[in-house]
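Novice: next comes the sequence, and after it the predicted model I'd like to discuss.
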Amino acid sequence: MQAPSIGGVTVPRGDGKTTIRVRRGSSLTDFADKINANPASLVTVLFHLGEMATATQSLDEDTFKVLGVELGYDIQVVSPEEEEKELFDSFNIDLETGIEGEEDEDLEARPPVVTVMGHVDHGKTRLLDAIRNEDVAGGESGGITQHIGAYQVRKEHEGVERAITFIDTPGHEAFTAMRARGAKVTDIAILVVAADDGVMPQTIEALNHAQAADVPIVVAVNKIDVEGANPSKVRQQLTEYNLVAEEYGGDTMFVDVSARQGQNIDSLLEAVLLTADAALDLRANPDREARGVAIEANLDRGRGATATVLVQTGTLHVGDSIVAGSAYGRVRAMLDEHGENVTEAGPSRPVQVLGLSSVPRAGDTFVVAPDDRTARQTAERREAADRQAVLAKSRKRISLEDLNEALAAGRVETLNLILKGDVSGSVEALEDALLKIDVGDDVDLRIIDRGVGAITMNNINLAMASSAIIVGYNVRAEGQNADYAEREGVEIRYYSVIYQAIDEVEAALKGMLKPEFEEVELGTAEIREIFRSSKFGNIAGSIVRSGEIRRGTKARITRNGVVVSENVEVAGLRRFKDDVTDVREGFECGINLGSYNDLQLGDLIATYEMREKPRA
Ligand SMILES: Nc1nc2c(ncn2[C@@H]2O[C@H](COP(=O)(O)OP(=O)(O)OP(=O)(O)O)[C@@H](O)[C@H]2O)c(=O)[nH]1
């Protein structure tokens, strides 16, 4: 049905009941696609409804509702999670990972999954190494040889050998990036606090993240071998954040360790198991199709796309068809952290999977699909949805259309970035952190592309086309690519520490900000007499009440506290017969305000100057 003309355009009309679902952050163009309409006509319709929007700008839910009522559609704005669920439902893929809905007798205990968090340099990496060395199974298999983003260690606990899974991308960036993507991976967080340094800003940030995610914390008080280490101070400091040590009557386990000397690592693992047993019901059904999360992914020259996945429920087998984010494929082989082939992986087991079509992102969920075709179709639909989401995200502050206009009007400055990193986890973490930089409203930070691997010719071309800077995190542009970038004047900045990248980008943004000015008052004078001069106009015979009056500055005239004029210039200044440049408090002077003549006795002349305000 066509709508009767609204504002001179016709639009396909619904019957008032047709439900159209659009993803949160969608634009008129996205909606137009769904009803087969011309986006420009929808702009016109919306305009006649009193709302201005460009075709590609993302609209809020209320605007969609108004539009829906007008056009006869029930427009429902769905979250990415709802949309994802619908997608999987349509392919009959079960998304449940939890233990709800499972029969009790099908559930088996699974190892806890642990993330190590803490302030920079407090010893996360060293601790993860020390834990690796503690692996009781290490001896037989030659230890953990492969960095795949996660590993499992085994430990004797009350006569039983138990496994613990560690996500070994240290730091809460990985944790937050995954959480931002809706993946709940971590069961327990180990908060590392150096005993010689105590609680630091990122300690607090990390614990806030863990607490917000409802993840129990075990505190590793590290570096107890260092002189001046004060483990009880750490305990005391953390009580302020609701982490009260057991020995102080709380329920958080604190373990004093030295990652460097491998001291007490066993007790730390013990504490992890005790905390898991006391606070969590860690069970899963191993006898079902697998589901889980991609922890890390790489493009390997010889083996193609590889992804380390953490199985959360079910068992993953070689030969299964899987979808991970928008990547898909049949599992060709699986490797564990010892570099050994495994044929199946049960709950909480991290394995590196070979055989995917492309590189998924850290935090992407993976599911087993009934067959290859379904896997491919699901991945393709997911990719389309992702593209839309990325667009919506990059439109966060300004759309392309607005941008040109705003640039022309000098209203915004934009910093375009292209991010490249060695593994998808770090790219995600970097993107996440960069988008969180608070730069106020007058600068726009856009990440126009991101990816894993070396900096390519394509990246450089895109950077040229959009005046972007390329950020390389543990990757470089090599050989002719580096020359090309240099020749074309494309800036590539290399980093190996995320915080450094963030700091520099932040500084660059601040440098780009247009200076802000503030008014600084210089002095005030009160008018005592008015002299009329045919040559100079009016002269205000005044006495300087405060500060000093300077020739050439701006003035504001107030009468009984009310501003009568602003932006008037002190055109001339005299003491008796002499021209002077300034007159100080307590002295009389003649002030000439140029062509400004509205003066009365008792008026105050306040002079001021605009000064650039330093950025905080
Ligand atoms: N004396 C002593 N030094 C330690 C201990 N643990 C770590 N260190 C040292 O502390 C420094 C930082 O350790 P890392 O493991 O790199 O710290 P991190 O928290 O991973 O640091 P980032 O990855 O930069 O956030 C290194 O020089 C370590 O050798 C310890 O138990 N005792």
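Specialist: Arrived safely, thanks for sending. Numbers count the residues shown, from 1 in each chain.
Novice: name the helices or strands packed onto the longest strand seen in the chain?
Specialist: With secondary structure taken from DSSP state E, the chain has its longest strand at strand 516-533. Applying 3 or more CB pairs under 8 Å, 6 or more residues apart in numbering; DSSP states H and E, we find strand 516-533 packed against strand 537-550, strand 588-592, strand 604-613. Placement of C-beta: from N, CA and C, glycine included.
Novice: please, where are all the strands along the stretch 401-550 of the chain?
Specialist: 413-421, 443-452, 468-473, 492-495, 516-533, 537-550 (DSSP state E, counting those that start in this stretch).
Novice: okay, now the unreliable bits of the stretch 351-500 of the chain?
Specialist: Applying pLDDT under 70 to the stretch 351-500 of the chain flags the ranges 386-413, 439-443, 465-466.
Novice: bridged to Y151, which residues?
Specialist: Per DSSP bridges, the residues bridged to Y151 are F166.
Novice: contacts only, for it.
Specialist: By CB atoms under 8 Å, 6 or more residues apart in numbering, Y151 lies in contact with 132, 144, 165-166, 168, 337, 350.
Novice: how far off centre is stretch 272-279?
Specialist: Here the centre of stretch 272-279 is set off from its chain's centre by 31 Å, with CA atoms, centre = their mean, to the nearest Å.
Novice: which residues touch it?
Specialist: In contact with stretch 272-279 (CB under 8 Å, 6+ apart) are residues 112, 114, 155, 157, 162, 164, 187-188, 190, 216, 218, 251, 253, 282.
Novice: type out the PyMOL command that picks the buried ones from these.
Specialist: Per 16 or more other CB atoms under 10 Å, the buried members of the contacts of stretch 272-279 correspond to this PyMOL selection:
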select buried, resi 112+114+155+162+164+187+188+190+216+218+253+282
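Novice: among the contacts of stretch 272-279, name the ones in strands.
Specialist: 114, 155, 157, 162, 164, 188, 190, 218.
Novice: which of those sits closest to the ligand?
Specialist: Distance to the ligand across the ones in strands among the contacts of stretch 272-279 (CB to the nearest ligand atom) is lowest for I190, with 11.5 Å.
Novice: just checking, that closest one touches P112?
Specialist: No - counting by CB atoms under 8 Å, no contact exists between I190 and P112, whose distance comes to 10.7 Å.
Novice: and the gap between the residue nearest the centre of the chain and K124?
Specialist: The centroid of the chain falls nearest to D432 when counting by CA atoms, centre = their mean (2.4 Å). Distance, D432 to K124, by CB to CB, to the nearest Å: 18 Å.
Novice: same thing with P39?
Specialist: For P39, the distance to K124 - CB to CB - is 49 Å.
Novice: with neighbour numbers in mind, choose between the two.
Specialist: K124 (26 against 17; other CB atoms under 10 Å).
Novice: need the pLDDT of that one.
Specialist: For K124, the model assigns a pLDDT of 91.
Novice: ditto for E289
Specialist: 89.
Novice: with the one 10 residues further on instead?
Specialist: Residue-level confidence at L299 comes out at 84, pLDDT.
Novice: surely it is in contact with A305?
Specialist: Yes - contact between L299 and A305 holds when scored by CB under 8 Å: they sit 5.8 Å apart.
Novice: V580 is in contact with I591, isn't it?
Specialist: No - with contacts counted by CB under 8 Å, V580 stays clear of I591, the gap being 10.9 Å.
Novice: of those two, who's got more company?
Specialist: Neighbour totals were compared for V580 and I591, and I591 leads with 25 against 16 (other CB under 10 Å).
Novice: quick one: name the residues of the stretch 51-200 of the chain near the ligand.
Specialist: Proximity of the stretch 51-200 of the chain to the ligand, by CB under 6 Å from any ligand atom, involves residues 118, 120-126, 170-171.
Novice: can we see that at 8 Å?
Specialist: Residues of the stretch 51-200 of the chain lying close to the ligand (CB under 8 Å from any ligand atom) are 118-129, 170-171, 192, 194.
Novice: thinking again about what came up before, looking at the strands of the stretch 401-550 of the chain, which is nearest to L49?
Specialist: Of all these, it is strand 443-452 that lies closest to L49, at 28.0 Å by CB to CB.
Novice: restricting to C-alpha, output that closest one in PDB.
Specialist: Listed next in PDB are the C-alpha coordinates belonging to strand 443-452 (Å, rounded to 0.1, in the frame of the first residue of the first chain):
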ATOM      1  CA  VAL A 443      36.500  16.900  18.900                       C
ATOM      2  CA  ASP A 444      35.400  13.700  17.300                       C
ATOM      3  CA  LEU A 445      37.500  10.600  17.600                       C
ATOM      4  CA  ARG A 446      36.700   8.000  15.000                       C
ATOM      5  CA  ILE A 447      38.100   4.500  14.600                       C
ATOM      6  CA  ILE A 448      37.500   4.000  10.900                       C
ATOM      7  CA  ASP A 449      39.000   0.500  10.600                       C
ATOM      8  CA  ARG A 450      40.600  -2.000  12.800                       C
ATOM      9  CA  GLY A 451      42.200  -5.400  12.200                       C
ATOM     10  CA  VAL A 452      44.800  -8.000  13.100                       C
END
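Novice: what is that strand packed up against?
Specialist: strand 291-300, helix 372-394, strand 413-421, helix 424-435, helix 457-465, helix 498-512.
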